[in-house]
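**Student:** Quick one: sequence and predicted model below, then my questions.
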Amino acid sequence: MLLGVNTWVWVSPLTDEDLDGVLGHVADLGFDAVELPLERPGLLSVERVRAALAAHDLQPYVVGAMAPGRDLVAAPPDTVAATQDYLRACVDLAAGIGAPSVCGPFYAATGRTWRLDADERAAAYAEWREHLAPVVEHAVARGVRLGVEPLNRYETSLVNTVDQALTGLDGLLGEGLGLALDTYHLHLEERSSAEAVRAAGGHLVHVQVCGNDRGAPGGDQTDWDGVLDALDDVGYRGPLVIESFTADNETIATAASVWRPLAPTQDDLARDGLAFLRQCLTWRNEP
């Protein structure tokens, strides 16, 4: 498995001007891969990203940010259309830079919650499939796979668990669409993180990791052996990417509810998490 880190650990939003410095730092820390958030179309250009990736020998992955006003469900037609255009822009960036996937909570704005009874949820899921389908079609045409990420109950009321994602996307999952899982959200919402991974099975596109406090993986309450066993069981060969957030940007800190330092420095968070993951994978590969 490649080990990566999201640039949100240090900066938000990521722009062309940040690329060389941030990606150089990621490579110097020893990561194999980097997760690139496209917060707004135009902030990152294919040419600049490709050059920085080549200079620092990093495998890219792309994630989207469902900022306020980005919604595919229970939203006006112009909002849905703009959200679809944004997701297509994420796919186009991924295709242009050689990233195999684009992942994120691609259904409603992060932080948007509302109550749903069973009938309302079924209707919302039907609307979701209808509005996501054209983006999936675009992803297939570009050779990119979308990964939909369930979030915890404080960040969405629509898709909190793997089971809900599988139900909501039934009939649409396949070549262009799977699931992206984050150990932070699994820890909050699933009865067993390992069994949730197994339930995702062959639909699993991408895995983000962090401690249960959103800090570095390792030394926390997460059953890492159980999660890694489950990933082996389903044959997952994608990356493990550390996703955490800088508190220096008010928007991203508020969205992620990062109210206190999660490590002495952001570099410590990335470095300690990488060391833990490397140790885990080394132990598992020993005879």
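**Tutor:** Cool, the structure landed.
**Student:** for the stretch 151-287 of the chain, what are the low-confidence residue spans?
**Tutor:** 287 (pLDDT under 70).
**Student:** Tell me where it has helices.
**Tutor:** Secondary structure of the stretch 151-287 of the chain (DSSP state H, counting those that start in this stretch): helices at 162-168, 183-189, 193-200, 224-233, 250-256, 266-285.
**Student:** Now do the last one: which elements does it pack against?
**Tutor:** Helix 266-285 makes packing contacts with strand 3-6, helix 19-29, helix 224-233, strand 240-242 when contacts are defined by 3 or more C-beta pairs under 8 Å, 6 or more residues apart in numbering; DSSP states H and E. Just so you know, the C-beta spots here come from the backbone N, C-alpha and C atoms, and that holds for glycine as well.
**Student:** Now do the longest one and helix 266-285, the angle between them.
**Tutor:** The one in question is helix 19-29. Per axes from the mean of the first three to the mean of the last three C-alpha atoms, to 10 degrees, the angle that helix 19-29 makes with helix 266-285 is 50 degrees.
**Student:** Quick check: buried residues in helix 19-29?
**Tutor:** Within helix 19-29, the residues that count as buried by 16 or more other C-beta atoms under 10 Å are Leu19, Val22, Leu23, His25, Val26, Ala27.
**Student:** Skip ahead from it and say which helix or strand is next.
**Tutor:** Counting by DSSP states H and E, the next helix or strand C-terminal to helix 19-29 is strand 33-38.
**Student:** who touches that next one?
**Tutor:** 2-8, 12-14, 23, 26, 44, 49, 53, 58-65, 89-90, 93, 97, 99, 208, 239, 241, 243 (C-beta atoms under 8 Å, 6 or more residues apart in numbering).
**Student:** re the thing from before, can you list the helices and strands packed on helix 266-285 in CSV and add distance to Val148?
**Tutor:** Listed next are these as CSV, based on distance: least, C-beta to C-beta, whole Å:
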stretch, distance to Val148
strand 3-6, 17
helix 19-29, 25
helix 224-233, 18
strand 240-242, 16
